[in-house]
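*Asks:* here's a sequence, model it:
(one chain, ligands or ions: 1)
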Amino acid sequence: MCTGLSFTTHDHYFGRNLDLEFSYNETVTVIPRNFQFEFRKLAPLSTHFAMVGMATISDGYPLYYDGTNEKGLSMAGLNFPGNADYKPEAHGKTNVAPFEFVPWVLGQFETIAEVKAALVDLNLVDIQFSENFPLSPLHWIISDKTQSITVESVKSGLRVYDNPYGVLTNNPTFDIQSFNMNNYMHLSIDPPEKNFSRELEFDTYSRGMGAIGLPGDLSSASRFAKAVFTKMNSVSGESESESISQFFQILGSAAQQRGCVRIGDKFEITIYSSCCNTDKGIYYYTTYENSQITGVDMRQEDLDANDLVAYPLVKGQQINMMN
Ligand SMILES: C[C@H](CCC(=O)NCCS(=O)(=O)O)[C@H]1CC[C@H]2[C@@H]3CC[C@@H]4C[C@H](O)CC[C@]4(C)[C@H]3C[C@H](O)[C@]12C
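*Replies:* Below you'll find the model as predicted:
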């Protein structure tokens, strides 16, 4: 399971938790403007926007999980098992394989308005990257500084939803996730008002009682409600330090601790949490065992180069010993 998040203070921030029971050797990868992007069914993009994000590199190709381009447009793929349905190639359509979708969007577009216009002709085609990387069932959150959308290729076709929460988790489909939010409209950051019965006395014996009923389990529907409540009520200072701290705290509200979700003989954990300052092009992350924030600034690289630059994750704890 995963949680994606878009958040604005002074700057705009975008990132996600990647929750899984194993990792694919992902790296923070910068793609400069002249990296040759091949597409299976479209002409190559030989110049495009530069981008930074988390990717597994296979045969020199960046398989992006999430990323941001130099214009501040961002995108993340999250698991969508049982619902994702990719299509055969369709003539007259823009046929993009799921693994090409992030570079196709981030390489060419600056705003959600532009993305929406291009999605009208999109067909997410059922082509896998290789034997080692079969099709994986995903849906996506795409954000610019002012708005987010969710893209789902399901049985009935391509669905594009406005996402007023700037949050995405996994199943069910986004229309149902949104509908479920109705069940939480009574939740509040303030102490509860007594509406239960005129004949009974109640005591607000603790702070935080206004949000009793907010789910705390790790299912995707529950993480959605939890992350939306936390994000929509979130209060942050505008500095970089305050903003990224708040961002990681919001992601933390939906993070997975080893031992609570069993997958066979393993446990699902939050492998990494990312937070990209999309105005500055700085990609920050933490990992399950490294609580220190590590950063990669795309503008420190030569963005007119041809070759990708990949930074392996710093995965061990960095402890600031005082004696
Ligand atoms: C598994 C992850 C979602 C985490 C999650 O939700 N885990 C719950 C599992 S469960 O639902 O509990 O069983 C997703 C998120 C992004 C994905 C990569 C995107 C690029 C590329 C796309 C290609 O087409 C296939 C290979 C590829 C490397 C993808 C592998 C994998 O699919 C990644 C890591």
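*Asks:* and the helices in this protein?
*Replies:* For the chain, applying DSSP state H gives helices covering 101-108, 112-119, 174-180, 220-232, 240-252.
*Asks:* what does the second one contact?
*Replies:* In this case it means helix 112-119. The contact list for helix 112-119 (Cβ atoms under 8 Å, 6 or more residues apart in numbering) reads 73, 94, 105, 108-109, 142-144, 146-149, 151, 158, 160. Placement of C-beta: from N, CA and C, glycine included.
*Asks:* mind checking which of these are buried?
*Replies:* Neighbour counting over the contacts of helix 112-119 (16 or more other Cβ atoms under 10 Å) leaves 73, 94, 105, 108-109, 142-144, 147-149, 151, 158, 160 as the buried ones.
*Asks:* could those go into CSV alongside pLDDT and distance to Glu38?
*Replies:* CSV is the format used below for the buried ones among the contacts of helix 112-119 (pLDDT from 0 to 100; distance: Cβ to Cβ, whole Å):
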residue, pLDDT, distance to Glu38
Leu73, 98, 21
Thr94, 98, 15
Val105, 98, 16
Gln108, 98, 15
Phe109, 98, 19
Ile142, 98, 22
Ser143, 98, 26
Asp144, 98, 26
Gln147, 98, 31
Ser148, 98, 29
Ile149, 98, 26
Val151, 98, 22
Leu158, 98, 23
Val160, 98, 26
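*Asks:* dump these into JSON lines; add distance to the ligand as well.
*Replies:* Listed next are the buried ones among the contacts of helix 112-119 as JSON lines, based on distance: Cβ to the nearest ligand atom, whole Å:
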{"residue": "Leu73", "distance to the ligand": "18"}
{"residue": "Thr94", "distance to the ligand": "17"}
{"residue": "Val105", "distance to the ligand": "13"}
{"residue": "Gln108", "distance to the ligand": "18"}
{"residue": "Phe109", "distance to the ligand": "19"}
{"residue": "Ile142", "distance to the ligand": "14"}
{"residue": "Ser143", "distance to the ligand": "16"}
{"residue": "Asp144", "distance to the ligand": "21"}
{"residue": "Gln147", "distance to the ligand": "22"}
{"residue": "Ser148", "distance to the ligand": "18"}
{"residue": "Ile149", "distance to the ligand": "18"}
{"residue": "Val151", "distance to the ligand": "14"}
{"residue": "Leu158", "distance to the ligand": "17"}
{"residue": "Val160", "distance to the ligand": "19"}
